[in-house]
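1. Give me a 3D structure for the following:
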Amino acid sequence: MPIVTLSCRITFCASHRLHNDKLSEEENRRLFGKCNYVNGHGHNYVLYVVLKNELDSRSQMVMNTDEIEKITQEHVLNKIDHRYLNVDVPEFKNLIPTVENIVVVIWKWLKPVLGDKLYQLRLDETEYCSAIYEGN
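-> Numbers count the residues shown, from 1 in each chain. Down below sits the predicted model:
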């Protein structure tokens, strides 16, 4: 069977504040700019869940896209959609919720469920800023 890469696009909204408690307020403002606003700011994120696997002999698919949507809803969106990441998501209590860190956390949530089929995650934070993670 051929090996195929399948990408599913999922959207969610979340807010965050980029702030490092080890730095002064001035250093944080200089480093993070408007992303350091005390009350945070929001994004309309776009997550691409990319799977790679041999086609299933019965379904002729890498994985049913309804199943990918269900897994992503349960293991990602239920945790971060419409949340203030710094406060509402335990993983970001001591981790700055940069787009780079967010995509790594999402990988950690999805990898146990999707296993070796999970090939890559891409997280678009804005039209010009994305992070791509392919595991370690």
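
2. Remind me what the helix ranked longest in the chain packs against, helices and strands.
-> For the chain, the longest helix by residue count, based on DSSP state H, is helix 99-114. If you count contacts as 3 or more CB pairs under 8 Å, 6 or more residues apart in numbering; DSSP states H and E, helix 99-114 packs onto strand 41-54, helix 65-72, helix 78-80, strand 118-126, strand 129-133. All C-beta atoms are positioned from the backbone trio N, CA, C, and that covers glycine.

3. State the distance from the one residue sitting closest to the centre of the chain to residue 125.
-> Centroid-nearest residue in the chain, with CA atoms, centre = their mean: residue 103, separated by 3.6 Å. To residue 125, residue 103 is 9 Å away according to CB to CB, to the nearest Å.

4. Kindly report the same for residue 60.
-> As for residue 60, its distance to residue 125 is 35 Å (criterion: CB to CB).
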